[in-house]
Each structure stands twice: as C-alpha cells, then as structure tokens.
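Engineer: Sharing a model that was predicted from the sequence below.
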Amino acid sequence: MTQARQEGAAAVAPPDQTRLERDRHVAFAFAAADLLVETNLTGDIVAASGAGQRLLGRPVRSLPGLNVKELVSKSEQPIILRLLKQVRASGRVDPISMALTRPDGASNPVLIGGCHLPNIPKSIFLSATALPVSVSLVPRERDDVTGLMTKDAFLETAERSATAGGSDQLRLLQLDGLAGVSQHLAPEQLSSMMEEIGAALRMQSVGGDSAGRLAEESFGYVAKAGSDGQQQDQSLLKEISDVFRSVGLAEAQIAPRLASVTLSADGLNEADVGRSIAYAMNSFIKNRGNGPVVNSLASGLAEAVRDTVTRVAETREMIEGRKFSLVYQPVVNILTKALHHYEVLSRFEGTKTTFETITFSEDIGLVAALDMAVCEQAVDALKKHSSAMVAINLSGRSIQNEAFRQAFGELIRPLNDLRTRLLFELTESVAVEDLEVASSFLRWVRKLGHAVCLDDFGAGAAAYSYLRRFDVDFVKIDGPFLKAALTRTRERALIHSICVLCAQLGCKVIGEMIETEDGASLATSLGIGYGQGWLFGKPVPELPAAIIPGRRKGSSETWL
C-alpha cells in the first residue's frame, strides 16, 4: 500500500511549463508596467490587464472592443497609430511619453512601449507605465496645429538635453514650400497633414516628446545618442513624403531638408553651452534661406554653434574683464537747449555693434551681468562729478532676474544724495513677461528717489501695456518712429496722441535721433519737450563740465 501510494505520487504530472513561462513573462511585464494591452494590427483591443481604473477611469474588462486610439486625446491619436505602425515594422519601440485620457476629461501621463512577436503575428503588445507626480512632464506650450512644442518650449528642451552631458543629436527639419501649399488645402486636409507631421517628428524624438515647431516651415527634434542618423533621416523623410501624398500634394511641391548637430559641451560650462545651442538655433532659423542644399544647411548649423560657443566665451570675458567703455550723450530741453541729463551708452571692441552685443547678451542670458557692470561704472563716474545727471539703460530681462535685483539693490541703496541725479531707462529689446515683478521693482526704484523712463516707445507692441502697468516719469519716443513722422501724417498723429496721453499721466517725453532743426521743430509741435541726437551733441567719452554749449548760464533742471 505504501509502495503504491509512493508510486502514485511519483506519477503526478509536473506543472505545465507553457503556463509557467507565460506567468513569468506576465510577472516581469507587471514589474515594469501598470497596464498591459493586446491589440490586433489595426489597434483594436483584444485583451487588457492591470490598473485600468487608476489610469483610465474605467475597468480593464471594458477595454476589449475599443480601439487603442480611444485611450488618448484626439491630438495624440496620430502618434499612437504611428507607434503601432513602427512596432509592426521593427518589432519593438522604446517607451514614449503620452497621456491616457479618462471619461471625466482628466489625463494621466505615462510611458508607452510596444512589441510585436513573430510567433504571434496578428497581435501587438503595449505597456503603459504611470509617471509619478514627482517626475511627470512639466506642462509645455504647444503649437495648436501640430501638437508639437512651441519654439520657446522646444529651445528649453534642447538646452536641458545639451546640459545633461550626453551626445544626443539636435536635428532641424526645413519644409520649404509648406506655407504656400497650406493655403490651398481644405481645412480638414491641412489639419490632418500637420498632425501627421507632428506625430512623425515626435516618434523620432527622445521620449516621444522632444520635438517642436520653430517657425512656419521649420521644425526641430532631439534624437537619441547612438541612433543611426542616416537611417533615421531617410525614414523620417519617407514618412513626411507619405504624409504629403496622402493629401494629394506632388512630391516637388515641398522640399524637405534636414540638418543635425551633436549636443555637447565643447569645454563650456553647462549653463553657457545650453544658451549657445539655443542662440545658434535661433540665428540659423532666422537665416534658413541661405543654405540651398542639405550639406550647406548642416555645415551652416554646425558653424553657427561653433561661432556662438566662441562668442559666449568672449562676451563673458568682456563683461568680467570690463573690456568696454562708456560714452555720454546729452539730452536737452528742446526749446531752451538747456542740458537736462546724459544718457550712458556702452561701446564694445571689435566689429559687433552695440545693439548686436546687447541683444546677443540678452539671448544667451548674460545681459544681467552686463547691465550690472555698466551700472557700477556709471555710478563711479557720477560720484566723481559734482552736478551731472545721467540715465542708465536696464534690459527687461535683467529686472526680471532676482540675482540682478539683489545686486542692483546693494549698489543703489547707499547712494543717498546721488539719487536725484540718476535715472534708469527700461529698454524694450526684450519683452517683460512677469509684469508684476517688473512693476514692483520699478515702484521700489522710484520710491527710493530715482526717476524711471520707458525707452524706445513705439518700437514694439508692448509699449502701451508697459505704460498702463508701470508708473514712470519719462517716455522716450523711438528714433526711427520720430524720423518717419517728418514725412508721414500717420506717424505724426500717433506721436501726438502719445504726447497727449503722457501729459495726462504726468510723464515727460523725450525724442530720439533728432539731427536737424526741422526734426526739432516737428518734435516740439507734436508735444515732445526733450530731445536727444546729433543736433544737440554727439556721445563723448567723459562726463563734461556742468555747462555745455547752448545752455543758459545758471539754468537748472530736475527729473520732476
């Protein structure tokens, strides 16, 4: 009996190996993912397991019968369908970032990966891994048409990639002719084409969301280090061509061109290399018509990066070594010719103009350091002069920089009696984005006793917004705007209305680039009280004595 029992026990069949292997693979999958979905080749869900309620707001048993594209927003449907296509072609794809949508409209960011097994040819397997709040993707501004990041958002992404220390590739796609053909497509065709272009670029990019629309016909994306660039480029160009054909466009109507550059530090610190890449991209995009063929385009981009890296280093050295000089241009009462104050202007060595150097410094994030250096030298010059009044320019980007505001405060707090001789001009070369911070800063400057001026009024659309938000003592009319008023009635009417508005607000008005008596007479007739330009004096290298030619002896003016 005992022997029979022992033999019977020995005769029990071992566990089914196939089922065991299956259970192991499922366990491995759930160790790395929160949701598993099996679809057919067109994306119809045939099976699902995992956290459906948490990620999708619905139980997993309700998913079979839906198409996988119904699990994401309309804007991301072209991407997930393209993912299925890529899985079928290559067998697997690296996880890409997307957002699963819930019936209540909320969404959950996830990483979606996929594979296609040769022994199960009619199925595609997808995995979704929830991203915790601590590492969820930061919301990014999107282009409404393509779903790609906007230019600024993409530049931030490229900068982060450049400073991460890897060797990812930054790729630029130029679609010459896109703007022209877009005008002749039906709205639904145009929408479909642009969504598909966006989906194709995202699928080529790191993490599935490192692509952006840089201009109407320019796009960029960050490609993973070590990828086969040539093969990837050919694949993308084929996909783009297929998209054009799908909306009835002939192959020659749009000419796609690609360029790439490796994102590497090249000896700069992390902050500078990120800024260099961003600035080089901006410069290259603005001049994209100069490269008629792919090779020229690619070498142009690489050269722009190299030149920018060099210039960043030179600009930083110039600022830190104080390798610039200050000059002073008089601003006078137009009617009396009495000197009112001097504007402090910077001069730089080399072939770059002052405007180019300052805008470059703004683009790469060094303008706060430059403004601080100019302020320090101008204040030193003012301390050595008994009566001169001076105006110093501050970039809109500088006053939004907390470190600059702190250093600036330490510089001007001890000035005491010098305050009535020191004005600050807010330039409009860079738009002020944080109006509340800027407004608070300017109120504090005025409360200390310094006058404030809005520079270049009329040169940009933000001028009236600034005048509405900021309390200022002066408004300076942009020089070309005032010059145009010599021959155009429209400009004269606009400038006159600005002067009337400023009078009602208690602001004085300064006119720039007044070079002739006709210009001075026009400025006076329009309501401009103060003038600056070669008619009244060219910039001089030192603060002159208290009286300049044309000033009435004994006359005295104040900011207010």
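Structural biologist: Alright, I've got the coordinates. Numbers count the residues shown, from 1 in each chain.
Engineer: Please count neighbours and contacts with C-alpha atoms only from this point.
Structural biologist: OK.
Engineer: Could you give the number of residues near the closest residue to residue 193 other than its chain neighbours?
Structural biologist: Take residue 193 and drop its neighbours on the chain: the residue closest to it by C-alpha to C-alpha, 6 or more residues apart in numbering is residue 243, 6.2 Å away. The burial count assigned to residue 243 is 19, neighbours taken as other C-alpha atoms under 10 Å.
Engineer: averaged over its residues, what pLDDT does the helix or strand hosting residue 243 have?
Structural biologist: Residue 243 is part of helix 229-246 when elements are defined by DSSP states H and E. Mean per-residue pLDDT for helix 229-246: 85.
Engineer: need the contact list for the residue nearest to residue 117 when sequence neighbours are not counted.
Structural biologist: With C-alpha to C-alpha, 6+ apart as the criterion, residue 117 has its nearest non-adjacent residue at 6.8 Å, and that residue is residue 91. Listed by C-alpha atoms under 8 Å, 6 or more residues apart in numbering, the contact set of residue 91 reads 115, 116, 117.
Engineer: Just the buried subset of those, please.
Structural biologist: 115, 116 (16 or more other C-alpha atoms under 10 Å).
Engineer: Which members of the contacts of residue 91 occur in strands, if any?
Structural biologist: In this view, these that belong to strands under DSSP state E are residue 115.
Engineer: any idea how far the residue nearest to residue 117 lies from residue 36?
Structural biologist: Separation of residue 91 from residue 36 (C-alpha to C-alpha, to the nearest Å) stands at 17 Å.
Engineer: Relative to the helix or strand hosting residue 261, what are the paired strands and their orientations?
Structural biologist: Using DSSP H and E, residue 261 falls within strand 255-262. Strand 255-262 pairs in its sheet with strand 169-176 (antiparallel), by DSSP bridges.
Engineer: can you state the direction angle for the partner strand and helix 229-246?
Structural biologist: Angle of strand 169-176 versus helix 229-246, following axes from the mean of the first three to the mean of the last three C-alpha atoms, to 10 degrees, is 30 degrees.
Engineer: Flag the shaky bits of the chain, pLDDT-wise.
Structural biologist: Confidence mapping of the chain against pLDDT under 70 gives the ranges 1-32, 132-139, 163-167, 225-229, 263-280, 282-304, 351, 429-430, 459-462, 545-560.
Engineer: Would you state the helices of the stretch 201-350 of the chain in chain order?
Structural biologist: For the stretch 201-350 of the chain, the helices defined by DSSP state H, counting those that start in this stretch cover 229-246, 270-286, 294-320.
Engineer: Name the residue closest to the centre of this protein, please.
Structural biologist: Centroid-nearest residue in the chain, with C-alpha atoms, centre = their mean: residue 152, separated by 2.1 Å.
Engineer: now for the one helix or strand that residue maps to, which elements pack on it?
Structural biologist: If you go by DSSP H and E, residue 152 is part of helix 151-163. On a contact count with 3 or more C-alpha pairs under 8 Å, 6 or more residues apart in numbering; DSSP states H and E, helix 151-163 meets strand 211-213, strand 218-223, helix 270-286.
Engineer: Let me see the contact set for the residue nearest to residue 193.
Structural biologist: Contact analysis of residue 243 by C-alpha under 8 Å, 6+ apart lists 193, 196, 197.
Engineer: Take the contacts of residue 91 and write them to a markdown table, including distance to residue 187.
Structural biologist: Formatted as a markdown table, these follow (distance: C-alpha to C-alpha, whole Å):
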| residue | distance to residue 187 |
| --- | --- |
| 115 | 35 |
| 116 | 36 |
| 117 | 39 |
